[in-house]
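*Asks:* With the sequence up front, the predicted model follows.
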Amino acid sequence: MDSESRHPSDEHHTPPGNPGVVPTATSSDIGQLIQRVVRRDRSAFAQLYEATAPKLLGTVMRIVRDRAWADDVIQDAYIKVWQKAGQYDAAKASPIAWMASIARNSAIDELRKQPARRSMGDEEIDEIASVQPTAQAELEEQQAVNSLNSCIDELEKDRQDMVRLAYLNGWSRDELAAHFDQPVNTVKTWLHRALKQLKRCLAP
Amino acid sequence: MTDHDNLDTLAAEFVLGTLPPEERASVIARREDDQAFDDLILAWEERLVPLLNEVTPIQPGPDLLARVEKRLDELEATTPVSLRRPPTATVTALQQRVRRWQWSTAVTSAAALVLVAVLAFQPAEQPQSFVAVFQHDDQQPAFMLTVDLDNRQLNIRPVTAEPVQNRSYQLWIKADELGPDPRSVGVLTNNMTIDQSALSQYDPQLLKKATFGISVEPAGGSPTGKPTGPAIHGYLYPTTEGNSGQRF
């Protein structure tokens, strides 16, 4: 990807260990904020945004790779958070999984609508290879990260990369097929097998 | 491979993000009406979300929150009052109860059941009344139910719902005090009416907290005593114009 297409404000990347930027809200804090948002509490909404927007913007940016576009997606995502907060069920989803799914779905839907607006490049492969562990607010969260990582590590190398490129970078089946030089149906089969293997591995 | 496996794979690939656009769209539509399928998706979101640990946070620009809030203001200003959820604690609590009921019903009876939201409003000079709205979709109410709390009289009015041949609509009530299952209030007549005093046995305080549902049953009502028919989805629906919803 040509560097010109990156928005200049990419420099806003959070420096590691900056406590003013890394959200310190725990999962339960975020859950409580969502409950207040259900009651149409705009101040809770602003707090929820402050606590989660850096992570969600990072998530969306990784998929759409254009800052102005990512800002638009984030705006839509938080509108949906406001509108759908009443549907959030703490018994079925962790607060961050719920919010992240809204942001990721918005980003992927946008990307599929305008695939040409994003250029892809080899640095995305570097991206998935150079994982920067971030501080975990909670032990439970760290354990989930460790479990998933060790299960992904058990996949064949290509499939590890496919899962990360799809989930984190929003690559489509076609894009994966082109990069890995495989027929689309083969990629589909590999993805299905990889997902099943992950599920088995993660099962308690 | 079983259907469940296929659905689970579909849910998994939806969450992974690799489904082709038309399949994505059909998944999004299906999860709205299929709680079990939605649960599969939620489970996959939980499984994969730890991957986001690998995402570097990016501090948003200073004006993005203001943009979001401005957009919210615009939406609130342009959404007709009659379609807006009023910011009341009562409604919120009821809304959550409706969701709970949807799920517990799905678990206990496996029957898709209708849902409804109940909206309490108490204009100062009028008796306490409740209105429940039963919706087919997000656009049109199917029925409206009003309950005069003081007199425990109820009145049901079809809005877009129409009689179905050889089927009956049945009204249900659910409250914590009544146990885990919905209890039948009554079966609607062919003229889509119901006995106005059908709620007279219930305490007004219970009615205030209860939720209501309507299911489509075999003619004459559910043979099992529990809702068995297909769903009409419920959705909160403010009933009054003006600022009755703003009091809290």
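*Replies:* Cool, got the structure. Computed from a predicted structure; not experimentally measured.
*Asks:* CA only for contacts and neighbour counts going forward, please
*Replies:* Will do.
*Asks:* Next, residue B:169: phi, psi?
*Replies:* Dihedral angles of residue B:169 (phi, psi; degrees, to the nearest 10) stand at phi -90, psi 140.
*Asks:* which element is the closest residue to it other than its chain neighbours on?
*Replies:* The shortest distance from residue B:169 to any non-neighbouring residue, by CA to CA, 6 or more residues apart in numbering or on different chains, is to residue B:216 (4.7 Å). Following DSSP states H and E, one finds residue B:216 within strand B:211-218.
*Asks:* do the same with residue B:12
*Replies:* With DSSP H and E as criterion, residue B:12 is part of helix B:3-16.
*Asks:* Which other helices and strands does that helix contact?
*Replies:* On a contact count with 3 or more CA pairs under 8 Å, 6 or more residues apart in numbering or on different chains; DSSP states H and E, helix B:3-16 meets helix A:157-167, helix A:184-202, helix B:21-33, helix B:35-48.
*Asks:* Could you pull out the buried residues of the third one?
*Replies:* To tie it back to what came earlier, the one meant is helix B:21-33. B:21, B:24, B:27, B:31 (16 or more other CA atoms under 10 Å in any protein chain shown).
*Asks:* so the residue nearest to residue B:169 touches residue B:165, yeah?
*Replies:* No: Residue B:216 is beyond contact range of residue B:165, at 10.9 Å (criterion: CA atoms under 8 Å).
*Asks:* For these two, indicate the residue with more neighbours.
*Replies:* Neighbour tally, residue B:216 and residue B:165, criterion other CA atoms under 10 Å in any protein chain shown: the higher count belongs to residue B:216, 23 against 9.
*Asks:* which residues of chain B fall in strands?
*Replies:* Per DSSP state E, chain B carries strands over the ranges B:117-121, B:129-135, B:141-148, B:153-158, B:167-174, B:183-187, B:211-218.
*Asks:* Take the ones you listed and write them to CSV, including mean pLDDT.
*Replies:* Listed next are those as CSV, based on pLDDT from 0 to 100:
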stretch, mean pLDDT
strand B:117-121, 39
strand B:129-135, 58
strand B:141-148, 70
strand B:153-158, 77
strand B:167-174, 81
strand B:183-187, 85
strand B:211-218, 77
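*Asks:* Tell me which of the ones you listed lies nearest to residue B:17.
*Replies:* In terms of CA to CA, the element of the strands of chain B nearest to residue B:17 is strand B:129-135, at 31.0 Å.
*Asks:* How about the contacts made by residue B:156?
*Replies:* By CA atoms under 8 Å, 6 or more residues apart in numbering or on different chains, residue B:156 lies in contact with B:143, B:144, B:145, B:146, B:192, B:193, B:194.
*Asks:* Which of these are buried? Put it as a ChimeraX command.
*Replies:* Entered in ChimeraX, the line below selects the buried ones among the contacts of residue B:156, by 16+ other CA under 10 Å:
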select /B:143,144,145,146,192,194
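*Asks:* measure stretch B:13-28 end to end?
*Replies:* Length of stretch B:13-28, first residue to last, CA to CA, to the nearest Å: 12 Å.
*Asks:* what does the average pLDDT come to for that stretch?
*Replies:* Stretch B:13-28 carries an average pLDDT of 95.
*Asks:* same check, this time on stretch A:112-124
*Replies:* 82.
*Asks:* Can you list the residue ranges for helices in chain A?
*Replies:* Using DSSP state H, the helices of chain A run over A:27-38, A:42-64, A:67-84, A:95-113, A:123-129, A:139-153, A:157-167, A:173-180, A:184-202.
*Asks:* TSV for these, including distance to residue B:39?
*Replies:* Shown next, in TSV, are those (distance: least, CA to CA, whole Å):
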stretch	distance to residue B:39
helix A:27-38	19
helix A:42-64	23
helix A:67-84	16
helix A:95-113	12
helix A:123-129	29
helix A:139-153	19
helix A:157-167	19
helix A:173-180	24
helix A:184-202	15
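*Asks:* would you list the ones you listed in TSV and tack on mean neighbour count?
*Replies:* Formatted as TSV, these follow (neighbours: other CA atoms under 10 Å in any protein chain shown):
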stretch	mean neighbour count
helix A:27-38	20
helix A:42-64	22
helix A:67-84	20
helix A:95-113	21
helix A:123-129	14
helix A:139-153	16
helix A:157-167	20
helix A:173-180	17
helix A:184-202	17
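*Asks:* list the contacts for residue B:29?
*Replies:* Per CA under 8 Å, 6+ apart, neighbours of residue B:29: none.
*Asks:* lowest-confidence helix or strand of chain B?
*Replies:* strand B:117-121 (a mean of 39; mean pLDDT, DSSP states H and E).
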